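this is the structure alone, sequence omitted:
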């Protein structure tokens, strides 16, 4: 309990003994209170200890030490570095929400930090790998129900990085991951369109295929999107729209396997884009 809290508990008019005890607590500490062994440790030494713990995989201890460094070195570059390390360790321990909150706080409070590019990159990585973890699991949940928000959030972080810091050492990798995310999102839209088509929801299938074509026009998924669009219009008895979609498909993909094999030609999992 802090001294200020102790004073509020003991109202004015308390005996002189209480006042003397308060003075003793302030000057030397109560005899029954254990002194924090880290309270007098140099902040640089604390940070070095935290880095050693990270290297050794002692993440929980590193988190506690980094939080202490943040507080004691507030307003310095060392505190900024401790915050970024804290976000990284929380990410490594599976605390995704906490890692993102830490990074958002850093980005908001340090808009001119020399490490801002790394903060944006790490925020992208946290979301990027979270989404990969979801896509890599096989559960009873329908794939069409899985949220792709983590991928979109990752893309936005990487885009902010490459826009603001095109020469950053992290930008090249960020661009590669952005390309991957765009392909993954396009394939997700095609999966949903295929899902609707096979269940006879042709209006929904056509809408989803159109969305894939509009939002991700340069991705390989465009080929199947055009095929689903044409076949959906065919089932809806809209011959002119079917002909238009099929003409665009043949113009852009003259050797499209879908024209001969249909949707059965899709052999890869929907999320596998390589």
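Good, I have the coordinates. All figures in this text were calculated on a predicted structure; none of them were measured in a lab.

buried residues, stretch 236-245. List them.
Using 16 or more other CB atoms under 10 Å as the burial criterion, the residues of stretch 236-245 that qualify are 241-242, 245. Yep, even glycine has a C-beta here, placed from its N, CA and C like the rest.

what do you get for stretch 252-259?
253, 256, 258-259.

swap in stretch 97-106?
Neighbour counts over stretch 97-106 (16+ other CB under 10 Å) mark 98-100, 102-103, 106 as buried.

same thing with stretch 199-209?
By 16+ other CB under 10 Å, the buried positions in stretch 199-209 come out as 202, 204-209.

now the helices for the stretch 101-250 of the chain?
Assigned by DSSP state H, counting those that start in this stretch, the stretch 101-250 of the chain shows helices spanning 116-135, 149-164, 171-198, 202-215, 221-235, 239-252.

of those, flag the one that's most buried.
Among the helices of the stretch 101-250 of the chain, helix 221-235 has the highest mean neighbour count (mean count of other CB atoms under 10 Å), at a mean of 23.

what residues does the residue most central in space within the chain make contact with?
The centroid of the chain falls nearest to residue 127 when counting by CA atoms, centre = their mean (1.9 Å). By CB atoms under 8 Å, 6 or more residues apart in numbering, the contact list for residue 127 reads 100, 150-151, 153-154, 157.

let's see that with 6 Å instead.
Applying CB atoms under 6 Å, 6 or more residues apart in numbering, we find residue 127 in contact with 150, 153-154.

please apply the same query to residue 73.
Residue 73 makes contacts with 43, 79, as judged by CB under 6 Å, 6+ apart.

make sure residue 245 is actually in contact with residue 231.
No: Residue 245 is not in contact with residue 231 according to CB atoms under 6 Å; the separation is 8.6 Å.

excluding sequence neighbours, find me the nearest residue to the residue nearest to the centre of the chain.
Excluding the flanking residues, the one nearest residue 127 by CB to CB, 6 or more residues apart in numbering is residue 154, at 3.7 Å.

next up, the contacts around the one you found.
By CB under 6 Å, 6+ apart, the residues touching residue 154 are 124, 127-128.

what's the distance between the nearest residue to residue 189 once chain neighbours are set aside and residue 125?
Nearest-residue entry for residue 189: residue 212, 3.8 Å, with adjacent residues in sequence omitted and distances by CB to CB, 6+ apart. Distance of residue 212 to residue 125, given as CB to CB, to the nearest Å: 26 Å.

hang on, the earlier thing: I'd like the buried residues of stretch 97-106 as TSV, with pLDDT appended.
Below are the buried residues of stretch 97-106 laid out as TSV (pLDDT from 0 to 100):
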residue	pLDDT
98	96
99	97
100	97
102	97
103	97
106	97
